[in-house]
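K.L.:
The amino acid sequence is not available; the structure is as follows:
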């Protein structure tokens with residue numbers, strides 16, 4: 001049982017609650033699932049922008065003639081792994097929500 005924010009008053013509410021104990025706003029489980037997907041989509045978009053910036057930085061480093069050290073390569077590999085994990089989580093959460101909605 002997780003605590004989430006009420007969409008109306010931003011108070012902490014149990015994920016299983018029928019209504020917000022602070023403001024009385026009626027809650028549906030789908031509200032929280034939609035919020036989770038939106039949060040993951042925003043995170044994935046931020047990762048995508050960061051990936052583009054990293055790619056531009058890598059191109060400038062190659063144009064500059066700098067040697068790619070192990071630290072820089074490790075940084076790009078680590079970023080790629082984190083980006084892939086976030087995309088997999090987003091897709092799996094969307095699939096779970098689609099299956100429950102049927």
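P.N.:
That came through fine. Model, not experiment: these values are computed from the prediction.
K.L.:
Buried residues in the host helix or strand of residue 76, which are they?
P.N.:
Element membership of residue 76 [criterion: DSSP states H and E] is helix 70-101. Buried residues in helix 70-101, counted by 16 or more other C-beta atoms under 10 Å: 83, 86, 90, 93. Bear in mind the C-beta positions are built from the backbone N, C-alpha and C, glycine included.
K.L.:
quick one: which of those is nearest residue 3?
P.N.:
Taking C-beta to C-beta as the measure, residue 3 sits nearest to residue 93 out of the buried residues of helix 70-101, at 18.4 Å.
K.L.:
where's that closest one relative to residue 55, distance?
P.N.:
Distance from residue 93 to residue 55, counting by C-beta to C-beta, to the nearest Å: 27 Å.
K.L.:
For the most centrally placed residue in the chain, give me its contacts.
P.N.:
Centroid check for the chain by C-alpha atoms, centre = their mean gives residue 40 as the closest residue, at 2.6 Å. Residues near residue 40 by C-beta atoms under 8 Å, 6 or more residues apart in numbering: 86, 89, 90, 93.
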